[in-house]
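Q: After the sequence you'll find the predicted model.
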Amino acid sequence: MDRSNTRPKWLALHGIPAGPGVWKRLDIPVHAHRFSGIATTAPRREWTLDSFVEEILPHYDSQTILLGHDLGAVVA
């Protein structure tokens, strides 16, 4: 039975002032999300917890495991 579509996926959320590069040392395949406005030159329109959660929702489904550090842990 092919279970490749049912395997959990990891969504790694960084903190401030770090960027998604903090997850490079992990020995698992993760999607290291880059929050807008942090460790980038792109400005962030809103700095509310809800705005960070809304930013990751397109990458989240029932098979997603959230991994967070600092702000990323709060969002997770």
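A: Arrived safely. Numbers count the residues shown, from 1 in each chain.

Q: any chance you could map the strands in the protein?
A: Counting by DSSP state E, residue ranges of the strands within the chain are 9-13, 30-33, 64-68.

Q: Turn those into JSON lines, including mean neighbour count.
A: To be clear about C-beta, it is placed using only N, CA and C from the backbone, and glycine gets the same treatment. Converted to JSON lines, the strands of the chain look like this (neighbours: other Cβ atoms under 10 Å):
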{"stretch": "strand 9-13", "mean neighbour count": "19"}
{"stretch": "strand 30-33", "mean neighbour count": "18"}
{"stretch": "strand 64-68", "mean neighbour count": "16"}
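
Q: For Val74, which of those is the nearest?
A: With respect to Val74, and counting by Cβ to Cβ, the nearest of those is strand 64-68 at 7.2 Å.

Q: Show me the strands paired with that closest one, marking each as parallel or antiparallel.
A: Strand 64-68 has its sheet partners listed here by DSSP bridges as strand 9-13 (parallel).

Q: Kindly export the partner strand (C-alpha atoms) in PDB.
A: The C-alpha trace of strand 9-13 is given here as PDB (Å, rounded to 0.1, in the frame of the first residue of the first chain):
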ATOM      1  CA  LYS A   9       4.900  16.900   6.700                       C
ATOM      2  CA  TRP A  10       6.900  19.200   8.900                       C
ATOM      3  CA  LEU A  11       6.300  23.000   8.800                       C
ATOM      4  CA  ALA A  12       9.100  24.800  10.700                       C
ATOM      5  CA  LEU A  13       8.500  28.300  11.900                       C
END
